[in-house]
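>>> When you get a sec, could you give me coordinates for this:
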Amino acid sequence: MSITEYPAELVCPISQDLMNDPVTITHLGADYTFDRNCIETWKTTKSGDQNPLTMLTGFKEAPMKEAIEIKSQVRNFRVNHGLELEQETEKVELQPFSDYQQIQDDEAEARRLNRELNGPDPSEILQQFRDYIDGRNFQIHHDDDTNTSYLLIMVDVDDSSPETAYETSWDLL
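Presented below is the predicted three-dimensional model:
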């Protein structure tokens, strides 16, 4: 039977499967129901102190109690649909992820390829430009006839005559 056929209130939000041993956890004044083995496994993860549905902290110490009414509903559902009555959700032992360095290397390669294929991030170019013109005398001119703007960065050669050190132009869209 697929999950879309199970009543939502009988499905564990972690395993997305019919609960076998439902428990209710009261966290920050609200009740949340999970399969016991799923939530116990969740609590062993790095994010285990966060509610898996809201990601709010303080979850590990939240009180947990057996969800007797939901357990009865699950049993009735199993009986009515000819499903095995006594099932247990497999307790999963989580292993530390051993390929951390490989992930770091892959991310660095992805950033390098993105930069190579797409050029630098526009925010990097803008910051480099801001750093370059910081404290410099510059002017922006616009030619209405050609719809082109010009950036002139001026450098003082002596007190009387600034010279253009850099000039660029761009077309306005």
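
>>> the strands in this protein, which residues?
With DSSP state E, the ranges of strands along the chain come out as 22-27, 30-35, 64-66, 137-143, 148-156, 162-171.

>>> Mean pLDDT lowest where, among those strands?
Lowest mean pLDDT of these: strand 162-171, a mean of 50.

>>> Not counting sequence-adjacent ones, nearest residue to the spatially most central residue of the chain?
Centroid-nearest residue in the chain: M55, 12.0 Å away (criterion: C-alpha atoms, centre = their mean). Spatial nearest neighbour of M55, excluding adjacent residues (C-beta to C-beta, 6 or more residues apart in numbering): S47 at 7.5 Å. Using the backbone N, CA and C atoms, a C-beta is placed for each residue, glycine as well.

>>> isn't the one you found right next to T57, touching?
No. S47 is beyond contact range of T57, at 9.5 Å (criterion: C-beta atoms under 8 Å).

>>> burial count for the closest residue to H27 other than its chain neighbours?
In this structure, H27 finds its nearest non-sequential neighbour in A62, 4.1 Å apart by C-beta to C-beta, 6+ apart. The number of residues packed near A62 is 16, by other C-beta atoms under 10 Å.

>>> Return the residues in contact with F77.
F77 makes contact with 6-7, 10, 18, 83, according to C-beta atoms under 8 Å, 6 or more residues apart in numbering.

>>> again, only this time at 7 Å
The contact partners of F77, taken as C-beta atoms under 7 Å, 6 or more residues apart in numbering, are 7, 10.

>>> Can you tell me how far it is from Q87?
12 Å (C-beta to C-beta, to the nearest Å).

>>> swap in L53?
Following C-beta to C-beta, the distance that separates L53 from Q87 is 23 Å.

>>> how about the CA coordinates for the biggest helix by length in the chain, as CSV?
Longest helix in the chain, counting residues (DSSP state H): helix 100-118. What follows is helix 100-118, C-alpha atoms only, in CSV (Å, rounded to 0.1, in the frame of the first residue of the first chain):
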residue,chain,number,x,y,z
TYR,A,100,33.6,15.0,4.1
GLN,A,101,36.8,16.0,2.3
GLN,A,102,35.4,14.7,-1.0
ILE,A,103,32.4,16.9,-0.6
GLN,A,104,34.6,19.9,0.1
ASP,A,105,36.8,19.1,-2.9
ASP,A,106,33.7,18.7,-5.1
GLU,A,107,32.2,22.0,-3.9
ALA,A,108,35.5,23.8,-4.6
GLU,A,109,35.6,22.3,-8.1
ALA,A,110,32.0,23.3,-8.8
ARG,A,111,32.8,26.9,-7.8
ARG,A,112,35.9,26.9,-10.0
LEU,A,113,34.0,25.6,-13.0
ASN,A,114,31.1,28.0,-12.4
ARG,A,115,33.6,30.9,-12.3
GLU,A,116,35.4,29.6,-15.4
LEU,A,117,32.1,29.1,-17.4
ASN,A,118,30.2,32.1,-16.1
